[in-house]
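Enquirer: Could you look at this predicted model? Sequence included:
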Amino acid sequence: DTEVTQTPKHLVMGMTNKKSLKCEQHMGHRAMYWYKQKAKKPPELMFVYSYEKLSINESVPSRFSPECPNSSLLNLHLHALQPEDSALYLCASSLSLGLDTGELFFGEGSRLTVL
Amino acid sequence: AQSVTQLDSHVSVSEGTPVLLRCNYSSSYSPSLFWYVQHPNKGLQLLLKYTSAATLVKGINGFEAEFKKSETSFHLTKPSAHMSDAAEYFCVVRNTGTASKLTFGTGTRLQVTL
């Protein structure tokens, strides 16, 4: 199984809503990532978890709250978002941080629209 | 600091003709280099990777890339384009030893025409 599975594929929410994006992998990877991708742009790193601990936070606003309940799951909790937060949110995983080849496996993304 | 420059934002080729997508990198250390492909509304798929082994790297779907240290280049090629190759391609660099922070190029959109 070499898949990273993201749900939901599409999400529409208002600025006062609370929602969550979910990501799951069963490859035994110990590093998991959230990226944000705007149209016609490369992905931008948001968060990195290593062994279920937050390792990197790229100065992301607090309205985005990541959570890693176990080594296979990664969530992104959303609250009080702004329309400019509308984007494709990509989850990725890799064997670990630092010593691996840096190859990331990406999910298909969750397309978020904030009204 | 590391950086990646994809020299063409858009490349158009006819089906059956060769593909060349250009990438130059800047890195303070021995880099790992990757090419990822993204089809519309999809995630990123790894095409191939260079990690200091053979300089000519073969990937999936007939793509290959050559690492040229003297030219700091890692261009992606394919002998014969197929309609299904139409997508966005990202060249990515990672310095050995950094905590897997990847630097993405701005992307090259490949268009394949009949």
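Expert: Sure, I can see it.
Enquirer: alpha carbons only for contacts and neighbour counts from here, please
Expert: Will do.
Enquirer: list the contacts for residue 50?
Expert: Using chain A. A:30, A:31, A:32, A:96, A:97 (Cα atoms under 8 Å, 6 or more residues apart in numbering or on different chains).
Enquirer: To clarify, I was referring to chain B.
Expert: Here residue B:50 is in contact with B:32, B:33, B:34, B:57, B:67 (criterion: Cα under 8 Å, 6+ apart).
Enquirer: quick one: pLDDT of it?
Expert: Residue B:50 carries a pLDDT score of 91 in this model.
Enquirer: what pairs with it across the strands?
Expert: Beta-bridge partners recorded for residue B:50 (DSSP bridges): residue B:33.
Enquirer: if we can go back for a sec, with pLDDT and neighbour count added, can I get the contacts of residue B:50 in a markdown table?
Expert: Formatted as a markdown table, the contacts of residue B:50 follow (pLDDT from 0 to 100; neighbours: other Cα atoms under 10 Å in any protein chain shown):
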| residue | pLDDT | neighbour count |
| --- | --- | --- |
| B:32 | 87 | 19 |
| B:33 | 91 | 26 |
| B:34 | 94 | 24 |
| B:57 | 95 | 17 |
| B:67 | 93 | 22 |
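Enquirer: Which two among those residues are spaced furthest apart?
Expert: By the measure Cα to Cα, B:32 and B:57 form the most distant pair in the contacts of residue B:50, at 12.0 Å.
Enquirer: Could you identify which of the contacts of residue A:50 has the most neighbours?
Expert: residue A:32 (32 neighbours; other Cα atoms under 10 Å in any protein chain shown).
Enquirer: follow-up on the earlier one: please identify which of the contacts of residue B:50 is nearest to residue A:44.
Expert: residue B:34 (16.1 Å).
Enquirer: Please look at the closest one and residue B:89 and confirm they touch.
Expert: No - between residue B:34 and residue B:89 there is no contact under Cα atoms under 8 Å: 10.4 Å.
Enquirer: Enumerate every residue touching the residue nearest the centre of chain A.
Expert: The residue lying closest to the centre of chain A (Cα atoms, centre = their mean) is residue A:34, at 2.8 Å. Residue A:34 makes contacts with A:45, A:46, A:47, A:48, A:89, A:90, A:91, A:92, as judged by Cα under 8 Å, 6+ apart.
Enquirer: ditto for residue A:23
Expert: A:4, A:5, A:6, A:7, A:73, A:74, A:75, A:91, A:107.
Enquirer: okay, those residues in CSV with distance to residue B:62 and secondary structure next?
Expert: Formatted as CSV, the entries for these read as follows, by distance: Cα to Cα, whole Å; DSSP: H, G, I helix; E, B strand; the rest coil:
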residue, distance to residue B:62, secondary structure
A:4, 24, strand
A:5, 26, strand
A:6, 28, strand
A:7, 31, strand
A:73, 33, strand
A:74, 33, strand
A:75, 36, strand
A:91, 27, strand
A:107, 23, coil
